[in-house]
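In: Quick one: sequence and predicted model below, then my questions.
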Amino acid sequence: MAISITLTLPDEIFNLAQSLAHSINRDLNDILVEAIAFSISPNYQGEKISSLNSLSDEEIIKLTQLQMASEQDQRLSELLNQQQERDLSTFENRELWSLMQIYQINLLKKSQGLNEAVKRGLISPLEA
């Protein structure tokens, strides 16, 4: 169940969210919902894959290989390096935060995929 609301966003935040949604080919509404949910709840797990059981072995293997888009990864690295050298602008901080959210969500999905792949015997358990 979902409740519709009207939300007034500053232009800068709207543009950042819209740019992010476009760059990762996602719906703007989904990006905003995840950002709000993650901000409110530190235990929020992004788009949790509700039923790994329903995914094929091929889809599970793809999850184990999930990586951030190269452009996003490069920009994340740039912002992290710049953050060490100087204070980031408000826009850069928000961009960094958004990219970190994408990174964390992808990492969670990848770990869920690895766990399921081991359970199914598709891959050997990872060694520490």
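Out: Received, thanks.
In: Report the buried residues of stretch 10-18.
Out: By neighbour count on 16 or more other Cβ atoms under 10 Å, the buried set for stretch 10-18 is 16, 17. Any C-beta I mention is one placed from the backbone N, CA and C, and that applies to glycine too.
In: same deal with stretch 28-37?
Out: Result for stretch 28-37 [16+ other Cβ under 10 Å]: buried residues 31, 32, 34, 35.
In: what's the most distant pair in these?
Out: The largest separation in the buried residues of stretch 28-37, counting by Cβ to Cβ, is between 32 and 34 at 7.4 Å.
In: what ranges of this protein fall below the confidence cut-off?
Out: 24, 38-50, 128 (pLDDT under 70).
In: could you pull out the helices for it?
Out: Taking DSSP state H as the test, the helices found in the chain are 11-23, 28-40, 57-64, 70-85, 90-120.
In: same for the longest one, what does it pack against?
Out: To tie it back to what came earlier, the one meant is helix 90-120. In terms of contacts (3 or more Cβ pairs under 8 Å, 6 or more residues apart in numbering; DSSP states H and E), helix 90-120 is packed against helix 11-23, helix 28-40, helix 57-64, helix 70-85.
In: Tell me how far it lies from the chain's centre.
Out: 4 Å (Cα atoms, centre = their mean, to the nearest Å).
In: Report the contact partners of residue 12.
Out: 90, 91, 94 (Cβ atoms under 8 Å, 6 or more residues apart in numbering).
In: Please apply the same query to residue 82.
Out: By Cβ under 8 Å, 6+ apart, the residues touching residue 82 are 88, 92.
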